[in-house]
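S.K.: No sequence on hand, only this structure:
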DNA sequence: CACGCATACTCGTATAGACGAGTGGGCAAG
DNA sequence: CTTGCCCACTCGTCTATACGAGTATGCGTG
């Protein structure tokens, strides 16, 4: 009678459900019921091999199912652990309102400080480049754009990777083309330049990350990304910026307020 | 010289990148470059075993990487195929505007018909039940609610699964408690009952689906879900409905329009 | 011609074994 | 006591094999 018996049952040989799925089911249920808590170590592969009397690959197969569901993650040399749900960042739909544009620091820094996290922005890159087809279409058939890339981190963990694209005739030679765009960010600069912002349009998709995104965001397996594309329009209904953002889905909740009209 | 050589190269034995990752990389690149197109069959496991000179489990491991990325899906007895991107349904932020509430059919049906798809709604269930903690909090501490569950399908494929929760003092005994809520849906009924809608609040998350959701939405592996929770408020700022929606992420693009204020 | 079955090919599941590499603790030498 | 090494335990990668089950094709029988 091992200590595992208290959390995990036996297999049903008559079931037509695959053995590795049965094991995954039992582990999942134990996690859901809180028998294994966040961050806690699951039984090792060897222990499960022993407990269920199956081969190691079968146990690993079970783990890979749970990994794909984002429930657990393995650490080489240590064990398999219940994946903790990181604190989420809530993005409200009024986050670009003018009243939030007063302060010197960026919205990300201010908000994270308020939440007690340690924010950081790195991978800054500002350069002119050729617009790809999609960006070009959104900005109204421009060929070249100013691209501002940056990565956001909370408490050392990368959570978001964003690129802003602006037409050259607007941004070139202005502070927008500088690494530090100044207080209130590029939206404040755009307004100073006479491009009064009227509204934003946001498109949201969710998908699994590419290998490059896994690296940039240090994503565990089983964590999707939220892909948000925001277009800013001025009062003349011209698209003045497109911001392409990829977020670690386990770190975000987006929130929108809609009028019933 | 097999036909595979034209699409796939050789392994680098000096690389410290695992063999199955190298194979996955080559297949991924071939797919990205369009050498294998949407819906097309990839080389069989046996062919890749032959081509690379590795064991079958190594090839399967490569496939499982690509499956986790949502790039391919396997069909028992047939082969492994490049996963086609299904037509997406665009949800605009004005989809609940009053002007869309005139017609007799539901918004889903009207919109899908217009897009040339064959819409269907099934799994209708309307019943009173105990509100869970989250729903209760959103509705302002109600104990029991009317729950309206339904599943939406496009061209036979399930794409969305939604449950609306309404306080009993509003919904009980009205047409809202009937399977068919009538023209304009429950929002039209709510307004007729004197609950004039003021605004909606939507919360969006993305995550991997639970096994139950995989079943309900017939999701391929590597497809996340978008979890949307909408709360409807009347002009007295009372929450009159909470709608919990789980969508197949590969079938949706959400679109919001925000004022710059 | 039509139907049914045999067969070959596909992926799914499972076993058993081997070696490698990261981690951490204990023990021995300095 | 501190340092450094060894070892036990962990997951990672890979091989080889076996059988099962779903699919498609073609051939032979009726």
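M.R.: Yep, it's here. As the structure is a computational prediction, the values presented were derived from the model and not from experiment.
S.K.: How about residues contacting the helix or strand hosting residue A:124?
M.R.: Here residue A:124 sits within strand A:119-130, counting by DSSP states H and E. Strand A:119-130 has contacts (Cβ atoms under 8 Å, 6 or more residues apart in numbering or on different chains) with A:106, A:108-109, A:112-113, A:143-154, A:156, A:161, A:168, A:172, A:177-179. Just so you know, the C-beta spots here come from the backbone N, C-alpha and C atoms, and that holds for glycine as well.
S.K.: of the residues you listed, buried ones?
M.R.: A:106, A:108, A:112, A:145-148, A:150-154, A:161, A:177 (16 or more other Cβ atoms under 10 Å in any protein chain shown).
S.K.: Cross-check those against chain B and keep the overlap.
M.R.: For chain B, no contacts are drawn from those by Cβ under 8 Å from any Cβ of the partner chain.
S.K.: JSON lines for those, including secondary structure and distance to residue A:8?
M.R.: Shown next, in JSON lines, are these (DSSP: H, G, I helix; E, B strand; the rest coil; distance: Cβ to Cβ, whole Å):
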{"residue": "A:106", "secondary structure": "coil", "distance to residue A:8": "48"}
{"residue": "A:108", "secondary structure": "helix", "distance to residue A:8": "43"}
{"residue": "A:112", "secondary structure": "helix", "distance to residue A:8": "40"}
{"residue": "A:145", "secondary structure": "strand", "distance to residue A:8": "56"}
{"residue": "A:146", "secondary structure": "strand", "distance to residue A:8": "57"}
{"residue": "A:147", "secondary structure": "strand", "distance to residue A:8": "52"}
{"residue": "A:148", "secondary structure": "strand", "distance to residue A:8": "51"}
{"residue": "A:150", "secondary structure": "strand", "distance to residue A:8": "46"}
{"residue": "A:151", "secondary structure": "strand", "distance to residue A:8": "41"}
{"residue": "A:152", "secondary structure": "strand", "distance to residue A:8": "40"}
{"residue": "A:153", "secondary structure": "strand", "distance to residue A:8": "38"}
{"residue": "A:154", "secondary structure": "strand", "distance to residue A:8": "35"}
{"residue": "A:161", "secondary structure": "strand", "distance to residue A:8": "39"}
{"residue": "A:177", "secondary structure": "helix", "distance to residue A:8": "59"}
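S.K.: Name the nearest of these relative to residue B:24.
M.R.: For the buried ones among the contacts of strand A:119-130, the minimum distance to residue B:24 (Cβ to Cβ) is 22.5 Å, reached by residue A:161.
S.K.: where's the closest one relative to residue B:253, distance?
M.R.: 20 Å (Cβ to Cβ, to the nearest Å).
S.K.: same deal with residue A:11?
M.R.: 43 Å.
S.K.: now do residue A:237
M.R.: Distance, residue A:237 to residue B:253, using Cβ to Cβ: 22 Å.
S.K.: So between those two, which is more surrounded?
M.R.: Of the pair residue A:237 and residue B:253, residue B:253 is the one with more neighbours under other Cβ atoms under 10 Å in any protein chain shown, namely 17 against 8.
S.K.: Surely the more buried one is in contact with residue A:207?
M.R.: No. Using Cβ atoms under 8 Å, residue B:253 is not in contact with residue A:207, being 10.8 Å away.
S.K.: Enumerate the residues of the stretch 51-200 of chain A near DNA strand C.
M.R.: Selection of the stretch 51-200 of chain A residues close to DNA strand C by Cβ under 7 Å from any atom of the strand yields A:53, A:54, A:55, A:56, A:57, A:58, A:61, A:75, A:76, A:77, A:78.
S.K.: buried subset of these?
M.R.: A:54, A:58, A:61.
S.K.: Check the secondary structure at the residue nearest to the second one when sequence neighbours are not counted for me.
M.R.: Nearest non-adjacent residue to residue A:58, counting by Cβ to Cβ, 6 or more residues apart in numbering or on different chains: residue A:20, 5.0 Å away. At residue A:20 the chain is in helix, as set by DSSP: H, G, I helix; E, B strand; the rest coil.
S.K.: can you pull the contacts of residue A:20?
M.R.: With Cβ under 8 Å, 6+ apart, residue A:20 has these contacts: A:58, A:59, A:61, A:62, A:65.
S.K.: Going along the chain, name the strands of the stretch 51-200 of chain A.
M.R.: Remark: strands assigned in the stretch 51-200 of chain A by DSSP state E, counting those that start in this stretch are A:72-75, A:79-82, A:89-91, A:119-130, A:144-154, A:157-167, A:197-207.
S.K.: Pipe those strands into JSON lines and attach distance to residue A:36 and mean pLDDT per row.
M.R.: Listed next are the strands of the stretch 51-200 of chain A as JSON lines, based on distance: least, Cβ to Cβ, whole Å; pLDDT from 0 to 100:
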{"stretch": "strand A:72-75", "distance to residue A:36": "9", "mean pLDDT": "97"}
{"stretch": "strand A:79-82", "distance to residue A:36": "5", "mean pLDDT": "97"}
{"stretch": "strand A:89-91", "distance to residue A:36": "26", "mean pLDDT": "90"}
{"stretch": "strand A:119-130", "distance to residue A:36": "31", "mean pLDDT": "90"}
{"stretch": "strand A:144-154", "distance to residue A:36": "26", "mean pLDDT": "95"}
{"stretch": "strand A:157-167", "distance to residue A:36": "23", "mean pLDDT": "96"}
{"stretch": "strand A:197-207", "distance to residue A:36": "27", "mean pLDDT": "96"}
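S.K.: now the ones you listed as JSON lines including distance to residue B:33?
M.R.: Formatted as JSON lines, those follow (distance: least, Cβ to Cβ, whole Å):
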{"stretch": "strand A:72-75", "distance to residue B:33": "31"}
{"stretch": "strand A:79-82", "distance to residue B:33": "36"}
{"stretch": "strand A:89-91", "distance to residue B:33": "35"}
{"stretch": "strand A:119-130", "distance to residue B:33": "20"}
{"stretch": "strand A:144-154", "distance to residue B:33": "24"}
{"stretch": "strand A:157-167", "distance to residue B:33": "23"}
{"stretch": "strand A:197-207", "distance to residue B:33": "19"}
